[in-house]
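Provided below for reference: sequence and predicted model.
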Amino acid sequence: MKSPLISLTVIALLLSLSGLVGSASLFFSQDSTEVGSISPDCDENIIREMDEGEIPSLQAGIVVGEELVWAKGYGEQPSLDTVFMLGSISKTFTSTAFLQLYEDGTIDLDADVNTYLDFSIRNPSYPSEAITIRQLLSHTSGLVRDYPYGLYWYGNSIVGWLNDYAGSSYSLWPDPHPPLDDMVQGSWMSSSAVWAYEPGTVFSYSNFGYAFLAYLFEQITGQSLPDYVEVNIMAPLGMTDAGYWGADFLGQHAFPHERLANGTICALPVFDAWDFGAGPVRSSVQSLARFLIAHMNEGTCEGFQLLEPETIALMHAPVLSSYGLGWYRYGSGSQGHGGVDIGFMAEMQFRINERGPYGIILLINRASTIASRDNELLSSQAAITNLLFEEAALISNQSTGGTPPTPPLFLIGLLAGTAAISTTVVTAIVLKRRR
């Protein structure tokens, strides 16, 4: 006959484990609309700003230390498995990928990029000046901001929509879309139209430069930047809801929205983009939080070393301005990156106080890139960002000193399970003594 002590303890342990699993699934669930909690005032103010900015859907998250302490989806598509395009936050993934190559000795950040190409890249006005990877990553190469070659970067779904509804007259691309190397080797980089400054002398934000970095990455490694990032950055970080292609997220992708010239806000089709280095990454708030956690904590997230601490410091350090290597240092004391693309806006930032780092993520499925600047939308985005940082600071203060924070659900399950085991042990001993 089995001992009552063993039998009851096993039952209690199973109950404890079920509590742990249940709590963990609640915290990390991808089909819920909220994990953790924030103050009612903050929540109500976010909803109010959504209404004022006419934002269809958004996701927001707060990270403190090494934990996503809160995330919530709002609006028409509130599920936390919904993915949003990140716009220029994609540049932080591009830079991280290049710095992994730097760490393993594959590249020299200050070498002439012609070292890695089978043709020559030069600013025609400064033919003796080398263009380097460090310059491209820090927006100091002298390249112009945007692309003087139309909408190569966007697929036909969005190009056709712009023609039909926004009064554009762009030509559709052949199927399949022309590969990036065809366009780059079609004399893009040799034209004086794409060069604005002497290399290495001026910070001049360049989407075009980051698009070229994607081409350069492929020449160095023999694989596309999206393939590399998904395997070497997203997968080991556990970013299960992140990637480059809309087709990978059928049924869970946020619909982009824009205000047209007539004032109407309308939904656009989900689209792909070929500016791999500059803007097409998409993610949910919970997946992006893992990437942010690594950058907040000297390159580490849940045991995976994304970059070494000294490389993280190199990436985050300003070069000629407030911009490092794919990373902003803002005057408010924040650091990170924002992003805007057709129909989407995003923020990923963190700050550091005496207790450690705390950060915020904001993903919105509306922008003002087609008709005109939408001041109410931009004001609401800024207000929500500030609300999140205020709440994040409060949670950070509570986590070490002050009012103790609410224990995570998994800890509650663990304590309950431990108490159950202790109770059964005592009960079993009493029963044995009564025999």
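Sure thing, it's come through. Numbering: from 1, shown residues only.

could you point out where the chain is predicted with low confidence?
Within the chain, the segments meeting pLDDT under 70 span 1-31, 147-152, 178, 180-188, 400-435.

element containing the residue most central in space within it?
For the chain, the residue nearest the mean C-alpha position is residue 288 (4.2 Å; Cα atoms, centre = their mean). Using DSSP states H and E, residue 288 falls within helix 285-296.

Is the residue nearest to the centre of the chain in contact with residue 242, as I believe?
Yes - proximity of residue 288 to residue 242 meets the contact threshold set by Cβ atoms under 8 Å, at 6.8 Å. To be clear about C-beta, it is placed using only N, CA and C from the backbone, and glycine gets the same treatment.

before we move on, the earlier item: now the residue nearest to the centre of the chain: closest residue in space that isn't a chain neighbour?
Distances taken as Cβ to Cβ, 6 or more residues apart in numbering put residue 361 closest to residue 288, at 5.5 Å, once the chain neighbours are dropped.

and what of residue 357?
That would be residue 296: by Cβ to Cβ, 6+ apart, it lies 4.1 Å from residue 357.

Could you give the number of residues near the one you found?
25 (other Cβ atoms under 10 Å).

and if you look at residue 120?
12.

Check residue 44 too.
10.

ranges for the helices of the chain?
Using DSSP state H, the helices found in the chain span residues 4-28, 40-53, 90-103, 133-137, 156-165, 180-183, 207-221, 225-229, 235-237, 285-296, 309-316, 375-399, 409-434.

what about the residue nearest to residue 288, neighbour count?
Counted with other Cβ under 10 Å, residues neighbouring residue 361 total 30.

So what pairs up with it in the strands?
Beta-bridge partners for residue 361, by DSSP bridges, are residue 61, residue 348.

Please list all residues in contact with it.
By Cβ atoms under 8 Å, 6 or more residues apart in numbering, the contact set of residue 361 is 59-63, 71, 285, 288-289, 292, 346-348.

Identify, from these, the entry nearest to residue 263.
residue 346 (24.5 Å; Cβ to Cβ).

quick one: the closest residue to that closest one other than its chain neighbours from residue 279, how far?
Closest residue to residue 346 apart from its sequence neighbours, by Cβ to Cβ, 6+ apart: residue 339 at 4.3 Å. Distance of residue 339 to residue 279, given as Cβ to Cβ, to the nearest Å: 7 Å.

Same drill for those two, tell me which one is more crowded.
residue 279 (26 against 23).

I'd like to know how far that one sits from residue 388.
23 Å.

Same question for residue 171.
Following Cβ to Cβ, the distance that separates residue 171 from residue 388 is 42 Å.

The two: who's more crowded?
Of the pair residue 171 and residue 388, residue 388 is the one with more neighbours under other Cβ under 10 Å, namely 23 against 10.

how far away is residue 169 from residue 207?
Computed with Cβ to Cβ, the distance linking residue 169 and residue 207 is 22 Å.

what's the answer for residue 95, then?
Counting by Cβ to Cβ, the gap from residue 95 to residue 207 is 14 Å.

Of these two, which one has the most company?
residue 95 (24 against 21).

OK, contacts around the residue lying closest to that one once chain neighbours are set aside?
In space, residue 95 comes closest to residue 326 once its chain neighbours are excluded; the distance is 2.7 Å by Cβ to Cβ, 6+ apart. Shown in contact with residue 326 (Cβ under 8 Å, 6+ apart): 91, 92, 94, 95, 96, 137, 315, 337.

ChimeraX command for the buried members of those residues?
With 16 or more other Cβ atoms under 10 Å as the criterion, this ChimeraX line picks the buried residues out of those:
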select :91,92,94,95,96,137,315,337
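
out of the contacts of residue 326, who's nearest residue 107?
Distance to residue 107, by Cβ to Cβ, is smallest for residue 137 among the contacts of residue 326, at 10.8 Å.
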